[in-house]
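Enquirer: Need coordinates for the following:
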Amino acid sequence: MAVFFKGDKVEVCSQEEGFLGSYYEAKVLSSLNNNTRYQVRYKNLVEEDDQTQPLVEIVSADEVRPMPPSVIVNRSGGVFSYLEKVDAFDNDGWWAGRVTGKQGLKYYVYFETTGDELAYDASRLRNHIEWRDHHWVSFKKRF
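Expert: Next up is the predicted model:
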């Protein structure tokens, strides 16, 4: 498990029903219990009682990963391939899905967790990579 410090930018994996597996950008405010928990402030999520304030919560260390590296996408002939695993930015977070088609400038992405297929501009998609054993793993290459 990675150790994070105050000010580190991270992504937090939601464990809530309906949001399971989605990732949200946040900043570490403090580490708690010998780095087993972190207090984070989300970039795009807001407090329920005061929607002008960013949401702050305490999360388990296993729900936190570093921000993914910038991924350079090969745009020759199209950005993403059929059935390629991607993350789509929607509802203030990143959701994993698979490209199921392309129409014009829109890519259709199927989300197994919800059964939805939605269209996105390429600017709202990124290559799907996973944080495993302290490094980024891609289905194409390692970072």
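Enquirer: pretty sure residue 55 contacts residue 43?
Expert: No - with contacts counted by Cβ atoms under 8 Å, residue 55 stays clear of residue 43, the gap being 9.6 Å. Backbone N, C-alpha and C define where each C-beta goes, glycine included.
Enquirer: These two - which one has more neighbours?
Expert: Taking other Cβ atoms under 10 Å, residue 55 and residue 43 do not tie; residue 55 has more neighbours (18 against 15).
Enquirer: If I look at that one, what pLDDT would I see?
Expert: Here the pLDDT value assigned to residue 55 is 96.
Enquirer: Tell me which residues touch it, please.
Expert: Residue 55 is in contact with 41, 42, 45, 46, 47, 48, counting by Cβ atoms under 8 Å, 6 or more residues apart in numbering.
Enquirer: what's the nearest residue to it if we skip its chain neighbours?
Expert: residue 45 (4.1 Å; Cβ to Cβ, 6 or more residues apart in numbering).
Enquirer: before we move on, back to that, can you tell me which of the contacts of residue 55 comes closest to residue 69?
Expert: Ranked by distance to residue 69 (Cβ to Cβ), these are led by residue 42 at 20.6 Å.
Enquirer: neighbours of that closest one, just the number please.
Expert: 18.
Enquirer: same question, residue 38
Expert: 26.
Enquirer: Compute the distance between the closest residue to residue 122 other than its chain neighbours and residue 68, please.
Expert: Among residues not flanking residue 122 along the chain, residue 79 sits closest, at 4.7 Å (Cβ to Cβ, 6+ apart). With distances taken as Cβ to Cβ, to the nearest Å, residue 79 is found 16 Å from residue 68.
Enquirer: same check, this time on residue 14
Expert: 16 Å.
Enquirer: What of residue 33?
Expert: 26 Å.
Enquirer: I would like the residues contacting stretch 96-108, please.
Expert: 21-22, 78-88, 109-113, 117-122, 125, 128.
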